[in-house]
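1. The following block contains a protein sequence and its predicted model.
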Amino acid sequence: MIQSKKLQNLLQFKDVDFSNICLISKTKPKSLTFGRCLYTFEYQQQRYWLKTQSLNSHPSVEAGFLNELVFYQQFLDQPNSSNCMPDFLLPFQMIPHYKKLAALEAEGSAALILSDAELLLGDCVKMSLQQIKQTFLKLLDAVDQLHQSGWIHGDLKREHFVEYENRTCLIDFEQVQKINSVQNLKNLTATPRYMAPELFHGAEKTVQTDIYALGIILYEWLSAQRLSAKNYQEWAYLHCQQLNIELPQHFLLFETYLRGMLAKQKEKRFTDIYTIKQGLLTEIV
């Protein structure tokens, strides 16, 4: 039997059981060159993802994967971990040595298994203001939980918000870091589309850079458009000078919040998620 009774948020797969599991590769060609492998598989009508990383293939990519494993491990190390997992985490499991798993191209490191989940942000055109507000709050709650636990995500994107059993969850913690930790700024560890202006000037990531990234996600969602730039320099110009917030008429109630999340100067931006949530709860019915 591949899976015993599942504890809350903890999967119970055994590596030897994967000999009878069909792993379907979902790895992008570029990721393969960095030693990254991503698979999906099914068991008992449930879908899961399996993520691995080859050793000694690409230092920065490998470091990101190991960073994510450390992030997950902290929750396993807590007393009574099966009963105190935060709501923003998908059910997960780490396998320390996956070289026995069948059909994997890469060996030598660990594997991370996650339950499959639906993307949270679909088409908002037919949603009511109340539905928009509730979705807005779901995203804020997930990021707030992460911040309250002492971490910055560091690479928020639209596809990193998923819904699982009526819970809004975050995924991809490769760039996660402790709040107020000292960063190594030698390598770019954020996606230019979502980078706060100060990051283009070499500043460190903070709670406010997460807030800015979330603001971009929400702005693209509500405006039904994706920001565009051809290269890093163009993204820097867009975020540092050119970005102008314009929402459709029926979503103007949310414009004040987006402007506060996307203020170019960090000093004028919202300082925490709590402030945004309180405004939404009290000012928008």
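-> Sure, I can see it.
2. in the stretch 51-200 of the chain, which segments are predicted with low confidence?
-> Within the stretch 51-200 of the chain, the segments meeting pLDDT under 70 span 79-84, 97-109, 182-188.
3. For it, which segments count as strands?
-> Using DSSP state E, counting those that start in this stretch, the strands of the stretch 51-200 of the chain run over residues 92-95, 111-115, 118-119, 151-152, 161-164, 167-170, 177-178.
4. can you put these in CSV and add mean neighbour count?
-> Backbone N, C-alpha and C define where each C-beta goes, glycine included. Formatted as CSV, the strands of the stretch 51-200 of the chain follow (neighbours: other C-beta atoms under 10 Å):
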stretch, mean neighbour count
strand 92-95, 19
strand 111-115, 21
strand 118-119, 10
strand 151-152, 22
strand 161-164, 20
strand 167-170, 20
strand 177-178, 16
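5. just so I know, which of the ones you listed lies nearest I21?
-> Among the strands of the stretch 51-200 of the chain, the nearest to I21 by C-beta to C-beta is strand 111-115 (10.8 Å).
6. Could you tell me the end-to-end distance of stretch 226-236?
-> Start-to-end span of stretch 226-236 (C-alpha to C-alpha, to the nearest Å) is 16 Å.
7. Make CSV out of the strands of the stretch 51-200 of the chain and add distance to P29.
-> As requested, these are exported to CSV (distance: least, C-beta to C-beta, whole Å):
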stretch, distance to P29
strand 92-95, 25
strand 111-115, 21
strand 118-119, 22
strand 151-152, 30
strand 161-164, 24
strand 167-170, 26
strand 177-178, 29
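8. For P197, find the nearest of these.
-> strand 151-152 (16.8 Å).
9. and the closest one, what other elements does it pack with?
-> Judged by 3 or more C-beta pairs under 8 Å, 6 or more residues apart in numbering; DSSP states H and E, the packing partners of strand 151-152 are strand 177-178, helix 207-223.
10. Return the set of buried residues in the following helix or strand past the longest one.
-> Past helix 207-223, heading to the C-terminal end, the next element that is a helix or strand (DSSP states H and E) is helix 232-237. Residues of helix 232-237 classed as buried: 235-236 (neighbour count, 16 or more other C-beta atoms under 10 Å).
11. residues making contact with whichever helix or strand comes after helix 232-237?
-> Using DSSP H and E, the helix or strand that follows helix 232-237 towards the C-terminus is helix 255-261. For helix 255-261, the surrounding residues in contact (C-beta atoms under 8 Å, 6 or more residues apart in numbering) are 136, 211-212, 214-215, 218-219, 222, 245, 247, 268-270, 276, 279-280.
12. Among those, filter down to the buried ones and hand me the ChimeraX syntax, if you would.
-> Buried residues among the contacts of helix 255-261 (16+ other C-beta under 10 Å), as a ChimeraX selection:
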select :136,211,212,214,215,218,219,222,245,247,269,270,276,280
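13. now, which of the contacts of helix 255-261 sits nearest L90?
-> Nearest member of the contacts of helix 255-261 to L90, counting by C-beta to C-beta, is L214, at 18.8 Å.
14. per-residue pLDDT, that closest one?
-> Note for L214: predicted pLDDT of 98.
15. Show the contacting residues for V143.
-> V143 neighbours (C-beta under 8 Å, 6+ apart): 153, 156, 170, 210-211, 214, 273.
16. which of these sit farthest apart?
-> Checking the contacts of V143 with C-beta to C-beta, the most distant pair is L170 and I211, at 14.4 Å.
17. Columns distance to L32 on top of the helices and strands packed on strand 151-152, output as JSON lines?
-> Below are the helices and strands packed on strand 151-152 laid out as JSON lines (distance: least, C-beta to C-beta, whole Å):
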{"stretch": "strand 177-178", "distance to L32": "27"}
{"stretch": "helix 207-223", "distance to L32": "27"}
